[in-house]
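>>> Quick one, structure for this:
(3 chains)
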Amino acid sequence: MATTVHEPPQIDPHRLPDPRHSGNGGGRNLAPADGDLRVTLDYSPPPSSTGIWVVLFAITMMFAAFTSALIVRKGSSLDWQTFTLPSILYFNTLVLLASSITLEVSRRRVAAFMGGLKSQVESPARWLYITLFLGLLFVAGQYVAWSQLSAEGLYLATNPSSSFFYVLTATHALHVLGGLGGLIYVIRKLSKSALRRSALVATARYWHFMDVLWLYLLFLLWMKL
Amino acid sequence: MHDMSTHAVQHHAPPTSFIRKHVFSLDHKVIGKQYYALALIAALAGMGLSWLMRIHLGWTNAAIPGLQLLSKNGAPGGVMTPEYYLQLMTMHGTIMVFFVLTTAPFAAFGNFFLPIQVGAEDMPFPHFNMMSFWVTFVAFVVLMASFFVGDGPTLGGWTQYAPLNAVGAVAGPGQGLGVVLWATSIALFCVGQLLGALNFIPTTLDLRVKGMSLMRLPLSAWAWFITSCMGLTAFAVLMPACILVILDHVAGTSFFVPSNTVINDQLLPHSGGSTLLWQHLFWFFGHPEVYIAIVPGIGIVSHILVTNMRRPMLSHRVLIYSMGALAVLSYMVYGHHMFVSGMNPISSLAFSFPTLVITIPSTIVVLIWVFSLYGSKLRINSASLFALGFISMFVSGGVSGFFLAQPSIDIMLHATYFVVGHFHMVMGVAAMFGIFGGTYFWFPKMAGRMMNETLGKIHFWLSFVGTYCIFMPFHYLGMAGNVRRYSTFVDDFLQPLIPLHRFITVAALLTGAAQLIFVYNLIHSRFWGKLAPDNPWDATSLEWSTATPPPFDNFGGQHPVVYHDPYQYGVQSSTGDYVMQASPEQVKTEHEEK
Amino acid sequence: MAKFFAVTIIVIAILSAIPILRHTWVAPEDISTHGRLIDEQMSETMAEAGISFLAAQFMLAVFIWKFSNPGPTATIKKFPGGAKGLVVAALLVVGVEVMALGIFGVKAWANVYLTPPSASAMPIQVQAGQFAFYFRYPGPDGKLGPIHPELINEGSQNFYGLDPEHDTDSRDDIVTAEMAIPVNKEIHLLMHAKDVGHSFYVRELRVQQDFVPGLDVSLHFTATKVGKYEIVCTQLCGLGHYNMKAYLNVLSQQDFDDWLKKEAAMQ
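So this is what the prediction gives:
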């Protein structure tokens, strides 16, 4: 029977890469011939940075499916009615873009804070709260847009165009709420001094992606409705 | 908190409470077993449904004792009604495709073994992993609930074609609430699988231990990785489609119901929807789904075979590239399900050629397997028998693809038993054989005990011969034009085929009964089997270099280091004819062709 | 055990091939002008698939027989040529063959779907609904009247929702439950779905086409042999799917004219 776990070989510590960059012992692009670990690159990104791309890819595919459904549905019949988008959407867009900026600011603050400037303990959290508020404002603004449309008599089932409007904006808003959940997680971890940088980076990527996705949706709706 | 990034995965301590240990566990090994248990229950349910269907097809007016207890309206006096047949058929397909063929080879074995094979302590996001299982579990419960509420489950088939799936209860039993439950269940299932992919992909890319380069990953790990990439793309498209169907039901939208639809002399209020839209969205998921079911099988079978052949595959790389090619091509071919659906005839041709191209990587995979057997020292045991049986089934199911890939022949064979035979052979039975092989191979590691080999071999023989007896005749029926999804054969030209149907029914009942041997073996061995050593098969990959069963953190507080390619068999070493991946021993190895 | 397994594989492979070689279960004789190409394509594919099937199963069986459970003195041998040879073989032999098959198959497909019906083709409309087919002949004026879905009423036998009061084109339309066509005359079949998806499948005609609700598709074919054939639905349409059928009567021109006159009188 084979032995279970082998002793790791002796390695010259001076030749190892900076441990601060290493993941969970992940070893990419390795070719350790005959077990010579000194030639290996001991680095892999934290899984959350891969994970967030997986999430963003799934969301992209989902909205791609919705988009193709919209195009096919519009082309399949003559019942498509166009309507003017509620103008509050443009205000919401600005709010969402602003939230991305505040998140970037707080990310820098957190980085500086982690760098050791203890005097700024409070400020990263403050900017995160502002981001959170702007995110909520965006969702509230979307809600106002839905109420305005229903006041005009455009409900989910009124016409395929309004159906798609509600489906796309609601799905996006749900994902924004998910991002807000991520922000709350970050704030909680920060207050407990247990925040991992990778978590913040992943949340920020997700948040900025929500911006890009919204700009795309706005363009799509503006073009097709 | 200043040193924030040394360990991306928190080293969580082993849980102590029963709930955290066995129910809401974060441990990928427990989650893998939970997925396996779910798949086993689902498989038994699906098999039971297939028995009922087969009895009805062979002897239409036969009363099945007790069936009236399941549905009073569906089976008055135990005799199945035509609509109840369709409802059971839909559930059989849905349960098998989603809750067995996707969960068992991919989610169950993948969860248990992928982290161990890459040398990680766990998946990177254990909470999402736990959610992945429990969301899938809820999805299963929602689906099964449709048996007991309203007028039963939907009768629209597992493909749920529009507009039958969207017009509502007027179209037949189960087309109201049944469809809503179906679509809810599948949407939840998609969420579960997306959460799975979220863990599988970073596990493979980021959590590999020192020395584990991508090309040193075992073929099973590669298969799970490729499958998770496919699942990520496919399930993210099916979920919106299900949402749109639900909206057509509950919100009165018209995504899939066209204008001027008249049912029971009533003009439906919907208008303008597109029925082909559903088919496009569904098959964009549906075809990759076939490969989601079979690629893990390819990986598992390769892993088993190479261990039992005592030699490396002729080419590790070519197998990996072939699996990748299958994955990529699977997205380019989905239209071959729609040759006669009213799609533009030019696009039928455009979908036909990539479908034919799929033959090439599939052939390469089979040739590598078969010619790796040449000059090997093949060990015969339950696991390797099922792996070899997989090859036989994969070939049999694959060659019928030649026919269905061509639109002109599809005119004759579309929607006949030929298609049913084809996909049962390749994604049903072959994938099942992969699951069985994986079970016999990995059970010692998962449960800490050996399975009974004699029962395993009996199970194999009955399954192998039995499935050929069931599914080969399906092809003949299809060639004679026997239409699928008929509850009874009333057409004149179908009458002469009924004896063949009866033969299939008998074979199906016997083969199904043989599966109970497997279930007995599984349960009996779990509690009373011989204790398993750490490495019963003289295998090389990392799962065999840890204890049996593996400790909570997989490697007992240490990280293994990988020194070798995954399958160094047929070498001279201190352990015999193999050297383990984690063994620092230097041996003279034949370098594989790269 | 291994040798027994090898024999089993070979026996199963041969037994599977016997019904195909003996033509035990085959499609009925073709009665269409376009079906010959499909049948040829089918038998060519069968030959290639059959050879691949038998070759692969035999090879698998032979290698299992030869290389399982060898003695301790056996050594690992490598297949001469290695993986590279196999990949090249797969690309050249299988790839080229399959592609050739696909390219030849285009002709059979194009013959059905990429050629327009001739101007003299006889138009017949078929409407599929749960769970029956109804056929409509345009009558002497050669025009089909418009369909009013809200007027569809099975009780009063207005299966198509016609309004002869207001639509002059509808007045001479002939609606039947059976499809009769003259032999050797091209038929232009206009396919309309009343409710959900259905399909039109006549094995002898080598025709299968889905009805797409909301989208009227058409099909054209010529029957070459007088006789009575079954039209069945092949797209799951609900509880009566198994029972959704109609008869196709291929008649001589004289018989067809008589039949149509009789049907017209019954309207």
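>>> which residues in chain B form strands?
Using DSSP state E, the strands of chain B run over residues B:262-263, B:266-267, B:569-573, B:576-578.
>>> could the ones you listed go into JSON lines alongside distance to chain A, mean pLDDT and mean neighbour count?
C-beta: built from backbone N, CA, C; applies to glycine. Output for the strands of chain B, formatted as JSON lines (distance: least, CB to the nearest CB, whole Å; pLDDT from 0 to 100; neighbours: other CB atoms under 10 Å in any protein chain shown):
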{"stretch": "strand B:262-263", "distance to chain A": "17", "mean pLDDT": "92", "mean neighbour count": "22"}
{"stretch": "strand B:266-267", "distance to chain A": "15", "mean pLDDT": "90", "mean neighbour count": "15"}
{"stretch": "strand B:569-573", "distance to chain A": "10", "mean pLDDT": "88", "mean neighbour count": "18"}
{"stretch": "strand B:576-578", "distance to chain A": "9", "mean pLDDT": "89", "mean neighbour count": "17"}
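>>> could I get those as JSON lines with distance to residue B:323?
As requested, these are exported to JSON lines (distance: least, CB to CB, whole Å):
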{"stretch": "strand B:262-263", "distance to residue B:323": "45"}
{"stretch": "strand B:266-267", "distance to residue B:323": "51"}
{"stretch": "strand B:569-573", "distance to residue B:323": "21"}
{"stretch": "strand B:576-578", "distance to residue B:323": "24"}
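>>> and the ones you listed as a markdown table, adding distance to chain C?
Below are the strands of chain B laid out as a markdown table (distance: least, CB to the nearest CB, whole Å):
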| stretch | distance to chain C |
| --- | --- |
| strand B:262-263 | 5 |
| strand B:266-267 | 5 |
| strand B:569-573 | 4 |
| strand B:576-578 | 8 |
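>>> got the residue ranges for the strands in chain A?
In chain A, no strands are defined using DSSP E.
>>> Write out the residues of it neighbouring chain C.
Proximity of chain A to chain C, by CB under 8 Å from any CB of the partner chain, involves residues A:76-77.
>>> didn't residue B:85 look like it was pressed against residue B:489?
No. The criterion here is CB atoms under 8 Å, and residue B:85 misses it with residue B:489 at 11.8 Å.
>>> The lengthiest helix in chain A near chain B at all?
Counting by DSSP state H, the longest helix found in chain A is helix A:160-191. Yes. Judged by CB under 8 Å from any CB, helix A:160-191 comes into contact with chain B at A:160, A:163, A:167, A:171.
>>> got the buried residues for that helix?
Residues A:160-169, A:171-173, A:175-176, A:179-180, A:182-183, A:186-187, A:190 are the ones in helix A:160-191 that count as buried (16 or more other CB atoms under 10 Å in any protein chain shown).
>>> Pull the number of nearby residues for the closest residue to residue B:82 other than its chain neighbours.
Excluding its sequence neighbours, the residue lying closest to residue B:82 (CB to CB, 6 or more residues apart in numbering or on different chains) is residue B:487, at 4.0 Å. By other CB atoms under 10 Å in any protein chain shown, 24 other residues sit near residue B:487.
>>> Please enumerate the helices of the stretch 51-200 of chain C.
C:82-89, C:96-113 (DSSP state H, counting those that start in this stretch).
>>> which of these is buried the deepest?
helix C:96-113 (a mean of 19; mean count of other CB atoms under 10 Å in any protein chain shown).
>>> isn't residue B:502 right up against residue B:62?
No. Assessed by CB under 8 Å, residue B:502 is found out of contact with residue B:62, at 11.0 Å.
>>> that older thread, could I get the helices of the stretch 51-200 of chain C as a markdown table with distance to chain B and mean pLDDT?
Shown next, in a markdown table, are these (distance: least, CB to the nearest CB, whole Å; pLDDT from 0 to 100):
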| stretch | distance to chain B | mean pLDDT |
| --- | --- | --- |
| helix C:82-89 | 3 | 87 |
| helix C:96-113 | 4 | 88 |
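>>> Need the ones you listed in CSV (columns: distance to residue B:14).
Below are the helices of the stretch 51-200 of chain C laid out as CSV (distance: least, CB to CB, whole Å):
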stretch, distance to residue B:14
helix C:82-89, 44
helix C:96-113, 53
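>>> Quick check: the nearest residue to residue B:368 once chain neighbours are set aside vs residue B:400, distance?
Counting by CB to CB, 6+ apart, residue B:314 is the residue found nearest to residue B:368 once chain neighbours are left out, at 5.2 Å. Residue B:314 sits 26 Å away from residue B:400 when distances are taken as CB to CB, to the nearest Å.
>>> Report the distance from stretch B:486-498 to the chain centre.
Counting by CA atoms, centre = their mean, to the nearest Å, stretch B:486-498 is centred 31 Å from the centre of its parent chain.
>>> State the number of residues packed around whichever residue of the stretch 301-450 of chain B sits closest to chain C.
Taking CB to the nearest CB as the measure, the stretch 301-450 of chain B has residue B:375 as its residue closest to chain C, at 2.8 Å. As a burial measure, residue B:375 scores 20 neighbours (other CB under 10 Å).
>>> Contacts only, for it.
Residue B:375 makes contact with B:311, C:67, C:76-79, according to CB atoms under 8 Å, 6 or more residues apart in numbering or on different chains.
>>> One more: residue B:73?
B:81, B:84, B:151-152, B:173.
>>> One more: residue B:301?
B:369, B:387, B:390-391, B:433-434, B:437.
>>> What segments of the stretch 401-550 of chain B are helices?
Counting by DSSP H, counting those that start in this stretch, the helices of the stretch 401-550 of chain B are B:407-413, B:417-423, B:431-447, B:453-479, B:498-528.
>>> Mind checking the ones you listed for the one nearest to chain A?
Across the helices of the stretch 401-550 of chain B, closest to chain A is helix B:431-447 (CB to the nearest CB), at 12.6 Å.
>>> The closest one and chain A, any residue contact?
No. For helix B:431-447, no contact with chain A is found by CB under 8 Å from any CB; the gap never falls below 12.6 Å.
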